[in-house]
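K.L.:
Mind looking at a prediction? Sequence and model below.
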Amino acid sequence: MVSSRLLSFLLFAATAALLVSAFLLTGHLRPIWFSAFFLLLGFGIGILVRQKSPHRPADVQKHGFGNELLNSTINEMHEGLVVIDTDMRIVASNRAARRLFSNIETTIDSRPITEITRNPAIYDAFLDGVRGTERVDVKVETHQPDRRIFDLRVVPLRSTSYGEITGALGVFFDVTRLERLEIVRQEFLSNVSHELRTPLTSIMALAETLEAGAIDDRENNRRFLSIIQRNAARMHRLIDDILELSAIEAGNVRMKPETVRLRLLAEDVISTLAAAAASRNIEVNNLIPTEAEVFADPHRLMQMLTNLIDNAIKFNRDGGTVSITMSRGPRDRISVADTGEGIPSHHLDRLFERFYRVERARSRELGGTGLGLAIVKHLAKSHGGEVLVRSDFGKGTKFTIELPPQPGAPKEEFAAAGEPGPSQSMR
């Protein structure tokens, strides 16, 4: 407090001397007065803030927050932090770094870095650091217990007094999730490009053929135009599905659940797909009880059922059957079963991925975009439910949408005709 008052007195005295000198030399007091006033005001505010601040260094040391706060902060970091000396020996580290190096919880300090890891990229980066070279974007991969990817940055540490290098500091940034997302993005772009290229190539080739004179060929020109129209429609469906899936994944699609009479909704879906079923003599059976109700967004539920029933028709045997059933328990279960060839078990885990197909050629031939099941999965999750699949190869496949029960609905259980017990094989 005494030092602050003394400083204020000295500032006032210096300002007064400045004013008198300026007046005697120039006779113009106003410009110097304003400058001195704002200078003095700034010093005064600084002194006041320093006196009132609850986080002064003296208070930090008094209450013991210094080292404790620093250690807690470093150990709670998600990034691994390692400091070495010029002998390549670790002198400091945090908890994340100890987990990084073989998941050891014991101290790694005072040990040579070669005892902790045999990764040459890590060693070379720290070696360059103690030689005075900063290293950035060093990619490091670990495989125990699982594969993880890190970006390592190493900077040299210098003495504040002499500027000599005393060691190096390395920070490990975990970018595993970012790498996975980048792989997904690249696969998505590759798949989209491939899916669009096939119909676009066909459209361009037929358009050139028509332009070259085939437009006057009455036997083939309409067939060519029909193929162009079919491929254009396929591209349109693909783009619509991509936009729809992107909106659902981004959370831009709001669910508006209400009580839905499930049998009537299923009848509407069946009627829209009746022509496709009749063309292959496939019988679609609506086995949902008349009184069955579910709590869902009717538009989105119709979208899910349309995708599942359409797939059940496309990938069924000629003359096969499709059965739509519903059962009630802890969750409402809506099932779509077919009598097709079934799906090999090694495909089931990836069945709901975007653009994943069991039979690529057949799926494209039937007009599928490869996004229908992904849309069903995300819509089910948006309702607070999920979608399951069970398949017996050579016998058929059953998809089941599980939805939360209607609030306040009775807990009695009922099963439609032909409805088996709960599915044991989940995606």
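P.N.:
Arrived safely, thanks for sending.
K.L.:
and stretch 156-167, which residues are buried?
P.N.:
156-157, 166-167 (16 or more other C-beta atoms under 10 Å). Placement of C-beta: from N, CA and C, glycine included.
K.L.:
residues touching A277, list them.
P.N.:
A277 makes contact with 270, 283-284, 313, 322, according to C-beta atoms under 8 Å, 6 or more residues apart in numbering.
K.L.:
how does it look with 10 Å?
P.N.:
Taking C-beta atoms under 10 Å, 6 or more residues apart in numbering as the criterion, A277 is in contact with 270, 283-284, 309-310, 312-314, 316, 320-322.
K.L.:
Filter those down to the buried ones.
P.N.:
Judged by 16+ other C-beta under 10 Å, buried ones among those: 270, 284, 309-310, 312-314, 316, 320-322.
K.L.:
Those in helices, which ones?
P.N.:
270, 309-310, 312-314 (DSSP state H).
K.L.:
Could I get those residues in CSV, plus columns for distance to F150 and pLDDT?
P.N.:
Below are those laid out as CSV (distance: C-beta to C-beta, whole Å; pLDDT from 0 to 100):
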residue, distance to F150, pLDDT
I270, 53, 94
I309, 47, 95
D310, 45, 91
A312, 46, 93
I313, 49, 93
K314, 45, 89
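K.L.:
Nearest to F173 among those residues?
P.N.:
D310 (45.2 Å; C-beta to C-beta).
K.L.:
Would you confirm that the closest one contacts T272?
P.N.:
Yes: contact criterion C-beta atoms under 10 Å: D310 and T272 qualify, at 9.1 Å.
K.L.:
rewinding a little: next, give me the two most distant ones among the ones in helices among the buried ones among the contacts of A277.
P.N.:
Going by C-beta to C-beta, the pair spanning those furthest: I270 and K314, at 14.6 Å.
K.L.:
name the element N307 belongs to?
P.N.:
In the assignment (DSSP states H and E), N307 maps to helix 298-314.
K.L.:
again with K398
P.N.:
strand 396-403.
K.L.:
Kindly provide the distance from the closest residue to R89 other than its chain neighbours to P156.
P.N.:
In space, R89 comes closest to P112 once its chain neighbours are excluded; the distance is 5.3 Å by C-beta to C-beta, 6 or more residues apart in numbering. P112 is 18 Å from P156, where distance means C-beta to C-beta, to the nearest Å.
K.L.:
Break down the stretch 101-250 of the chain into its strands, ranges please.
P.N.:
135-142, 148-158, 165-174 (DSSP state E, counting those that start in this stretch).
K.L.:
just checking, what packs against the first one?
P.N.:
This means strand 135-142. helix 120-130, strand 148-158, strand 165-174, helix 176-211 (3 or more C-beta pairs under 10 Å, 6 or more residues apart in numbering; DSSP states H and E).
K.L.:
what are the C-alpha coordinates of the third one, in CSV please?
P.N.:
So the one you mean is strand 165-174. Extracted in CSV, the C-alpha atoms of strand 165-174 (Å, rounded to 0.1, in the frame of the first residue of the first chain):
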residue,chain,number,x,y,z
ILE,A,165,19.0,-25.9,-25.1
THR,A,166,18.1,-27.7,-21.9
GLY,A,167,15.8,-30.3,-23.4
ALA,A,168,12.6,-30.7,-25.5
LEU,A,169,8.9,-30.7,-24.8
GLY,A,170,6.5,-32.9,-26.8
VAL,A,171,2.7,-32.9,-26.9
PHE,A,172,0.7,-35.8,-28.3
PHE,A,173,-2.7,-34.8,-29.8
ASP,A,174,-5.1,-37.8,-30.2
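K.L.:
And the average pLDDT for it is what?
P.N.:
Strand 165-174 shows a mean pLDDT of 90.
K.L.:
quick one: that strand to chain centroid distance?
P.N.:
29 Å (C-alpha atoms, centre = their mean, to the nearest Å).
K.L.:
That one pairs with which strands?
P.N.:
strand 80-85 (antiparallel), strand 148-158 (antiparallel) (DSSP bridges).
K.L.:
Now distance to K377 and mean pLDDT too, for these, in a markdown table please.
P.N.:
Converted to a markdown table, the strands paired with strand 165-174 look like this (distance: least, C-beta to C-beta, whole Å; pLDDT from 0 to 100):
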| stretch | distance to K377 | mean pLDDT |
| --- | --- | --- |
| strand 80-85 | 35 | 88 |
| strand 148-158 | 27 | 90 |
